[in-house]
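> please find the sequence and the predicted model below.
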Amino acid sequence: MGFLVNRATNPVTNGRLNSIVFQDFCIDGVSSSKPYIPGNGKTGIQVQYDTDSLRVEGMGFVYLTTALTVRNADAFNITNNFITECGTAMQLVNGAIVGKITNNYLISAWGGNSIFLENNDNCLISGNSLLWGARIQLKNAHRTLITGNKFVSNFSGMIVQETPCHEHLISGNHFRRIFGDGGPARNDDLYGMVQLNGNDNAVTSNMFSFDVPAANIVPAGATPTVVLVKGGARNFLATNQLVGNVPIRHVLDGSTSATKVLWSGTSSQLQDMTGGNMSFVPTP
Amino acid sequence: MGFLVNRATNPVTNGRLNSIVFQDFCIDGVSSSKPYIPGNGKTGIQVQYDTDSLRVEGMGFVYLTTALTVRNADAFNITNNFITECGTAMQLVNGAIVGKITNNYLISAWGGNSIFLENNDNCLISGNSLLWGARIQLKNAHRTLITGNKFVSNFSGMIVQETPCHEHLISGNHFRRIFGDGGPARNDDLYGMVQLNGNDNAVTSNMFSFDVPAANIVPAGATPTVVLVKGGARNFLATNQLVGNVPIRHVLDGSTSATKVLWSGTSSQLQDMTGGNMSFVPTP
Amino acid sequence: MGFLVNRATNPVTNGRLNSIVFQDFCIDGVSSSKPYIPGNGKTGIQVQYDTDSLRVEGMGFVYLTTALTVRNADAFNITNNFITECGTAMQLVNGAIVGKITNNYLISAWGGNSIFLENNDNCLISGNSLLWGARIQLKNAHRTLITGNKFVSNFSGMIVQETPCHEHLISGNHFRRIFGDGGPARNDDLYGMVQLNGNDNAVTSNMFSFDVPAANIVPAGATPTVVLVKGGARNFLATNQLVGNVPIRHVLDGSTSATKVLWSGTSSQLQDMTGGNMSFVPTP
């Protein structure tokens, strides 16, 4: 472990830590090999004690199993870092409110996550470039704003709601799916470039660009899924642009209800398994 | 006052100040109590003389009545600051063109503003997290771009056009209204989470999430307002998602005309007081 | 030339350069005059050798013909710079993948470009303010994400696809066209505030605000063009707001096909020269 932030007391009685700053240097795990998990087992920074404010900015992280692990940070500000050749770029665990992850390069492999948020409310994720194994994994996270990010990935599952997650806004992002090195993939191409699993999430004004040779699609012959609405009610898709080298489509699971799909695909780009419990205005 | 930037001359004849930089330190007012207005009366930085370029970045501000007051700054660049426990986070007064407020934490109480813009044109406000008393107050400000911001507030009035303000684009923001400490509120729940009062403003691709116990809504029994179009013509709302624990709705004042409300609420989520001088396509 | 980054070897056999950082100082060309091209012929930074990672941040550039020229940079990160009084603010040439240009002031004159991208894939351009001669020029560039930028320009051509460019997402930007000093303009007012020339580009949730005295419109008496779709198929415009002091409109060239224009203008704000090979839902 590069740095451990901790204190042998109880934050409830002794207060949380404040004004932790990591800035403008590089943490290099020296050597590792893809997918870096388990890899060399190294962590760049681990924040184990509760914090009220935490800044990690202008840092470089390279060749680590996990660049950054933070527990119970309220207002974490992770900005302008270059994280590359890591298994997982960052995980915000245990709990957090109003964090901010902006303007970073997050380059990680297929075994881990670009960003993992757990029990996390009101996080802002904007202006990041997430690469090759681009994946934001959400577990009991709500009301995240994911906007203006560039995703380029060799794998499905670029945003995944692992458990029910509500009221996210995913807007103005560019999702690019290609085929390249690495794998085996954690998920097949029916998993969704984005997988929703909660209520009232909105996916608006995004570009979804899929370009994988037909022979490399898994399972063979499948129609790849763009947005999979796996569970929940009243999810809202509007004015998204879809581009594929093969036919692609959104899928509404039979358990979902009242999803809106508005100018987000042509009439052949939606598979509705709800029996009509949804609203669809196809792109003309 | 922490810092005063001034010069005993006339900027018209002697030129404006250039290249003012405040960077990477903290201004601490030591003690104050909510709502910090009038509080201890302290200001962090006051820029009194006209400037051509001004950078305030990586700074911390805490326990101040006003963190930052700037007069007549043309290209102010306020980025990556952490402003907390203040009455007003920043006010850009007298006049300004093409400012930029990006990637900040703005944590202020209910008495002041997160951002106050006066006689201000073409400002860019993006990637900020505005908390608890989140409020952007606009007075004779035009063509502001407000995008990719996270608002979490215990109060109505998260964006307010105090006087007629035109051609703003408010897009890709997440507005979260909750109930918590503080008050009395400056405005009731009919005031609008966003209040428009001008021509040709656009509100697109935002999430509005309202969660206040029915017993705490003011006035009692009222239907809370999401976007109040208080005045002006041709305001444009499209593809916004609304979520409420109680019924909520947009309101078009009787004085307004030709507002468009497109996939921004169901048929029960609009109160039209214009007698039909508007266009409405309800979310299906 | 202020700085030249180079090496007298072949990057294919000797590897690319890494971890180049320019940070927090100013490069001043001392004197020049508008439009700064040819001007004093000075370049601020020229990166001539291939790089894997390159950071230019917190810099000032002033009075230069070209502030920044970068050749074959993979993950270039150009953030929080103030570039002003230059001919061209930056050019990324020869080739590049996954670059990032965020949170900058780019103030250049009418002779050059704010940003020129050549053979460039997956670039993220967000949170920038581009002024007076605002222009993003794209040549064989694909899948750029242009979001949350403020354009204020005395000239047409704020985003130009010089050759066929595909799958760009242009979302949540504010385009302001005014009349002011400088010229002659490179292009007339039929050229488009934005000119598309490729397939599957999306232009969503933007504000287009045009305010030029009728007497200054070129050619005289012309109806200025907002988005010109000059070539290509399946371009997608949705939920854009148009404001003009004179009538303005989008134009679909006769060579284009299957463009969608959805709530992006009234029925009088589209000139369709395709003979109906397009879809149009006028703003009601």
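That came through, no problem.
> kindly report the residues of the stretch 151-284 of chain A close to chain C.
Neighbours of chain C within the stretch 151-284 of chain A, by CB under 8 Å from any CB of the partner chain: A:152, A:171-174, A:176, A:204-207, A:209, A:239, A:241, A:243, A:263, A:283-284. In this view, the C-beta of every residue, glycine as well, is placed from N, C-alpha and C.
> let's go with 7 Å and repeat that
A:152, A:172, A:174, A:176, A:205, A:207, A:209, A:239, A:241, A:243, A:263, A:283-284 (CB under 7 Å from any CB of the partner chain).
> residue nearest the centroid of chain A?
Central residue of chain A (CA atoms, centre = their mean): A:Ile136, 1.1 Å from the mean position.
> any idea how far A:Gly112 is from that residue?
12 Å (CB to CB, to the nearest Å).
> quickly list what's touching both of the two.
Common neighbours of A:Ile136 and A:Gly112, using CB atoms under 7 Å, 6 or more residues apart in numbering or on different chains, do not exist here.
> so where do the helices sit in chain A?
A:11-14 (DSSP state H).
> scan it for its longest strand.
In chain A, assigned by DSSP state E, the strand with the most residues is strand A:60-79.
> neighbouring strands for that strand, and are they parallel or not?
When sheet partners are counted by DSSP bridges, strand A:60-79 sits next to strand A:26-28 (parallel), strand A:43-47 (parallel), strand A:51-57 (parallel), strand A:82-97 (parallel), strand A:100-102 (parallel).
> redo those as JSON lines? Include mean pLDDT, mean neighbour count and distance to A:Tyr191.
What follows is the strands paired with strand A:60-79, written out as JSON lines (pLDDT from 0 to 100; neighbours: other CB atoms under 10 Å in any protein chain shown; distance: least, CB to CB, whole Å):
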{"stretch": "strand A:26-28", "mean pLDDT": "97", "mean neighbour count": "16", "distance to A:Tyr191": "32"}
{"stretch": "strand A:43-47", "mean pLDDT": "97", "mean neighbour count": "23", "distance to A:Tyr191": "28"}
{"stretch": "strand A:51-57", "mean pLDDT": "93", "mean neighbour count": "22", "distance to A:Tyr191": "30"}
{"stretch": "strand A:82-97", "mean pLDDT": "95", "mean neighbour count": "23", "distance to A:Tyr191": "19"}
{"stretch": "strand A:100-102", "mean pLDDT": "98", "mean neighbour count": "28", "distance to A:Tyr191": "23"}
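> columns distance to B:Val21 on top of these, output as a markdown table?
Output for these, formatted as a markdown table (distance: least, CB to CB, whole Å):
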| stretch | distance to B:Val21 |
| --- | --- |
| strand A:26-28 | 25 |
| strand A:43-47 | 28 |
| strand A:51-57 | 17 |
| strand A:82-97 | 24 |
| strand A:100-102 | 21 |
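> B:Asn6 is nearest to which of those strands?
With CB to CB as the criterion, B:Asn6 lies closest to strand A:51-57 of the strands paired with strand A:60-79, at 30.7 Å.
> related to what we said a few turns ago, of all the strands paired with strand A:60-79, which one is nearest A:Asn122?
Nearest of those to A:Asn122, taken as CB to CB: strand A:82-97 at 5.9 Å.
> could I get the CA-only coordinates of the closest one as PDB?
Output in PDB follows, covering the C-alpha atoms of strand A:82-97 (Å, rounded to 0.1, in the frame of the first residue of the first chain):
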ATOM      1  CA  PHE A  82      -4.300  10.100 -14.700                       C
ATOM      2  CA  ILE A  83      -4.900   6.600 -13.500                       C
ATOM      3  CA  THR A  84      -3.700   3.900 -15.900                       C
ATOM      4  CA  GLU A  85      -2.700   0.300 -16.100                       C
ATOM      5  CA  CYS A  86      -4.700  -0.600 -13.000                       C
ATOM      6  CA  GLY A  87      -7.200  -3.300 -12.100                       C
ATOM      7  CA  THR A  88      -9.700  -0.900 -10.500                       C
ATOM      8  CA  ALA A  89      -9.200   2.800 -10.800                       C
ATOM      9  CA  MET A  90     -11.200   3.800  -7.700                       C
ATOM     10  CA  GLN A  91     -13.700   2.400  -5.200                       C
ATOM     11  CA  LEU A  92     -15.800   4.600  -2.900                       C
ATOM     12  CA  VAL A  93     -17.100   2.100  -0.400                       C
ATOM     13  CA  ASN A  94     -19.100   1.800   2.800                       C
ATOM     14  CA  GLY A  95     -20.900   5.100   2.200                       C
ATOM     15  CA  ALA A  96     -20.600   8.600   0.900                       C
ATOM     16  CA  ILE A  97     -22.600  11.700   0.100                       C
END
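> tell me the gap between it and the middle of its chain.
10 Å (CA atoms, centre = their mean, to the nearest Å).
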